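> sequence first, then the predicted structure, then my questions.
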Amino acid sequence: MKLQKLLLSVAAAGLCMAAPNLTQAALITSWDYTVDAAWQNWTPGTVNQFIEGNEDVLEWGTENQGGLSQLRVTRQLDGTITTNDGVGSPGATITHRNFAIDPPELASTDLVVDVTFAPTGNGFVAPFTQTFFIDFDETPNSLPCPYPGANEVPCDDIFILRNPEDLSVSFQVDDYLYTATLVFDEAAFESAGGTIGFEDIDGDGIPELFFLTRENRASILPTNIVITAVQVPEPAALAVAGMGIIGLGLATRRRRRQA
């Protein structure tokens with residue numbers, strides 16, 4: 001499945017959350033937003049975590065040549081998003097610095113992201129917290145490379161996002177349903193030798209959203225946050241709000257799916 005189609009389906013499946021009514025029922029055209037991101041629950045515990053500038057960094061391995069491997073993510077950012085502009089505004093950037101190393105190797109980590117949306121010039125705030133479950137494979141640099149379509153020797157490394165359905169979140173204000181979707185900048189990632197795909201690449205029978213990265217490079221993955229809005233007739237709006245309450249309850253009980 002192409003990534004664009006995946007993101008469209010993700011947007012349709014985002015969590016719905018009822019928001020307090022504002023004084024006006026008009027479409028909200030501009031949103032101020034903040035993003036706070038951090039790595040948590042990495043395995044093995046010997047992976048080193050530290051803060052460098054505005055990045056949260058995971059570093060692992062015993063240096064073989066070139067340096068240690070790293071995952072980096074932007075810690076904090078803010079800005080303004082225009083509704084329905086199709087472009088959005090910058091989200092957090094993830095960088096994988098990929099080097100040939102000896103163990104220990106990163107196996108998995110959670111990326112916890114706190115986001116707030118506030119209509120520009122209005123006191124109402126919609127806060128969300130989302131955890132992205134990431135499995136990582138520091139592949140051996142010898143044939144056969146373990147993943148189809150990957151570059152051969154040195155083999156690409158891979159990280160897999162296990163809950164791509166959580167790339168979108170929806171919330172209702174008056175009779176408009178707003179959906180915020182995290183969109184990956186594929187062109188920038190590919191320019192650094194990276195590849196994004198959505199298929200069953202690990203052979204478990206379930207399609208995965210995966211990211212392949214070249215050896216001896218820093219693969220940079222910028223993201224954008226896009227907000228779209230649709231008007232919801234009042235009876236349907238009430239139903240959506242009810243579904244949102246149910247969905248929120250399920251989300252609080254979500255656990256990492258085993259690979």
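In hand now; what should we look at?

> any stretches of the stretch 51-200 of the chain with poor pLDDT?
Of all residues in the stretch 51-200 of the chain, those with pLDDT under 70 make up the ranges 65-66, 148-153.

> just the strands in it please.
With DSSP state E, counting those that start in this stretch, the ranges of strands along the stretch 51-200 of the chain come out as 55-60, 62-63, 69-74, 76-82, 89-90, 94-98, 101-102, 108-119, 126-137, 157-161, 168-173, 176-184, 195-199.

> want to try a markdown table for these, with mean neighbour count as columns?
(C-beta placed from N, C-alpha, C; glycine too.) Written out in a markdown table, the entries for the strands of the stretch 51-200 of the chain read as follows (neighbours: other C-beta atoms under 10 Å):
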| stretch | mean neighbour count |
| --- | --- |
| strand 55-60 | 20 |
| strand 62-63 | 11 |
| strand 69-74 | 22 |
| strand 76-82 | 15 |
| strand 89-90 | 17 |
| strand 94-98 | 23 |
| strand 101-102 | 14 |
| strand 108-119 | 18 |
| strand 126-137 | 18 |
| strand 157-161 | 21 |
| strand 168-173 | 22 |
| strand 176-184 | 21 |
| strand 195-199 | 17 |
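
> switch those strands over to TSV; also include distance to residue 39.
Putting those into TSV (distance: least, C-beta to C-beta, whole Å) gives the following:
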stretch	distance to residue 39
strand 55-60	5
strand 62-63	20
strand 69-74	7
strand 76-82	14
strand 89-90	19
strand 94-98	10
strand 101-102	18
strand 108-119	5
strand 126-137	9
strand 157-161	12
strand 168-173	21
strand 176-184	17
strand 195-199	20
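
> can you check which strand is longest in this protein?
Counting residues, the longest strand found in the chain (DSSP state E) is strand 30-43.

> and that strand, what's buried?
By neighbour count with 16 or more other C-beta atoms under 10 Å, strand 30-43 contains the buried residues 31-33, 35-37, 39, 42.

> returning to what we had before: so which of the strands of the stretch 51-200 of the chain gets nearest residue 214?
strand 94-98 (6.5 Å; C-beta to C-beta).

> show me what the closest one packs onto, helices and strands only.
Taking 3 or more C-beta pairs under 8 Å, 6 or more residues apart in numbering; DSSP states H and E as the contact definition, the neighbouring helices and strands of strand 94-98 are strand 69-74, strand 157-161, strand 208-213, strand 217-221.

> let's have these in a markdown table, adding distance to residue 53.
Conversion of those to a markdown table gives the following (distance: least, C-beta to C-beta, whole Å):
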| stretch | distance to residue 53 |
| --- | --- |
| strand 69-74 | 10 |
| strand 157-161 | 22 |
| strand 208-213 | 21 |
| strand 217-221 | 15 |
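
> follow-up on the earlier one: which one of the buried residues of strand 30-43 is nearest to residue 74?
residue 37 (6.2 Å).

> tell me which residues touch that closest one, please.
Counting by C-beta atoms under 8 Å, 6 or more residues apart in numbering, residue 37 makes contact with 56, 73-76, 92, 111-114.

> if we take the residues you listed, which one ends up nearest to residue 144?
Checking the contacts of residue 37 one by one against residue 144 (C-beta to C-beta), the nearest turns out to be residue 111, at 30.2 Å.

> wait, what's in contact with that closest one?
With contacts defined as C-beta under 8 Å, 6+ apart, residue 111 is in contact with 37-40, 73, 94, 131-132, 134.

> is it correct that residue 233 is in contact with residue 175?
Yes. Counting by C-beta atoms under 8 Å, residue 233 sits close enough to residue 175 to count as a contact (7.2 Å).

> between these two, who's got more neighbours?
Regarding residue 233 and residue 175, a neighbour count based on other C-beta atoms under 10 Å identifies residue 175 as having more, with 16 against 9.
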